[in-house]
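1. fold the following.
(one chain, ligands or ions: 2)
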Amino acid sequence: MSANAAAIRTAELTRRFGQLTAVDQLNLEVPRGVIFGFLGPNGAGKSTTINMLTSLLPPTSGTATVAGHDIIAQPLEVKRRIGVAPEGLSLYERLTASEQIELAGRLHGLPRDEILRRIPPLLELLELGGAANKMILDYSAGMKKKTALACALIHVPEILFLDEPFEGIDPISTRALKGLLREMVDQRGTTVFFSTHVMELAERFCDQVGIINKGRLAGLGPIADLRAAAGLAEDASLEEVFVRTVGAKADADDELLGWLTGAGRPAAEV
Ligand SMILES: Nc1ncnc2c1ncn2[C@@H]1O[C@H](COP(=O)(O)OP(=O)(O)OP(=O)(O)O)[C@@H](O)[C@H]1O
Ligand SMILES: [Mg+2]
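-> Ligands and ions are numbered 1, 2, ... in the order given. Next comes the predicted model:
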């Protein structure tokens with residue numbers, strides 16, 4: 001594979017669930033060594049796309065190459081090169097974080113000594129050190145999420161797929177994780193593909209973004225390009241770009257929702 005080949009390339013990638021087309025002929029290209037933010041409203045098809053790219057879910061039609069390998073013909077080659085923190089966490093709740101991360105490392109063929117050397121600094125970075133020997137069953141939601149992130153990182157993958165990685169993670173750990181990912185990208189040429197709803201974070205953290213809406217790609221590239229494509233000024237925020245690209249929803253209808261918003265009623269009555 002040539003050094004400048006794309007990290008991820010999809011070709012008419014499609015997934016249907018019965019009548020619903022969750023991902024619709026997606027043509028996406030993500031270069032190596034970038035942080036790529038995958039944005040879209042709830043139900044747009046982000047997780048379905050990530051699940052297909054990581055060989056967790058077969059496409060209905062179309063295909064993709066990830067790290068130079070076809071997701072359908074060479075799923076093991078793909079899995080070897082990627083780290084995944086999927087939306088539905090799949091942790092063994094009766095293991096401790098250390099055991100769960102060790103298991104992830106062993107499944108990737110790492111020697112035990114090496115795994116045990118890597119775990120403590122990773123737990124420290126994620127501020128999980130204190131809970132390392134407690135069963136995952138007793139973790140908070142954020143602690144579980146951090147454990148899943150550590151599992152995705154332990155084997156130093158070429159490409160990371162992180163489905164809403166910062167959701168439920170506190171600001172201190174978010175900052176630490178962002179710093180770590182940025183260094184991996186800059187120093188090693190790692191590619192990070194992540195989904196998020198947090199526009200401020202995406203704006204500051206991503207090199208490129210893709211916007212998906214109702215299963216279709218609505219925008220792709222550096223934020224400045226999307227801003228221009230949406231006809232917005234240079235200082236327009238990513239939130240504005242997103243709303244313009246996806247289509248704004250009208251404000252609450254005071255006729256119909258006055259009972260909730262309190263619009264049109266005297267304060268005492270509300
Ligand atoms: N296993 C499934 N069976 C049936 N429908 C599904 C399944 N998984 C996803 N869908 C549907 O596919 C569409 C896309 O879902 P997906 O989870 O990919 O959205 P998303 O962009 O990740 O949304 P969110 O931001 O809420 O996480 C939704 O309409 C969802 O109901
Ligand atoms: Mg999702």
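2. low-confidence bits of the stretch 151-270 of the chain, can you list those?
-> Along the stretch 151-270 of the chain, the parts satisfying pLDDT under 70 run over 248, 250-252, 265-270.
3. what about the strands in it?
-> Secondary structure of the stretch 151-270 of the chain by DSSP state E, counting those that start in this stretch: the strands cover 159-163, 191-195, 208-213, 216-221.
4. please, where are all the strands along the stretch 1-150 of the chain?
-> Counting by DSSP E, counting those that start in this stretch, the strands of the stretch 1-150 of the chain are 8-17, 20-26, 29-30, 35-39, 61-66, 69-70, 82-85.
5. output the below-cut-off pLDDT ranges for the stretch 1-150 of the chain.
-> In the stretch 1-150 of the chain the weaker segments, taking pLDDT under 70 as the threshold, are 1-4.
6. so which bits of this protein are right by ligand 1?
-> 17, 20, 22, 40, 42-48 (CB under 6 Å from any ligand atom). In short, each C-beta sits where N, CA and C put it, glycine included.
7. please report how far the nearest residue to Pro120 once chain neighbours are set aside lies from ligand 2.
-> Spatial nearest neighbour of Pro120, excluding adjacent residues (CB to CB, 6 or more residues apart in numbering): Gly129 at 7.1 Å. Counting by CB to the ion, to the nearest Å, the gap from Gly129 to ligand 2 is 29 Å.
8. what's the neighbour count on Gly129?
-> Using other CB atoms under 10 Å, Gly129 has 16 neighbouring residues.
9. isn't it right next to Leu122, touching?
-> No. Contact between Gly129 and Leu122 fails when scored by CB atoms under 8 Å: they sit 9.5 Å apart.
10. about what we covered before: closest to Val156 out of the strands of the stretch 1-150 of the chain?
-> Nearest of those to Val156, taken as CB to CB: strand 82-85 at 8.1 Å.
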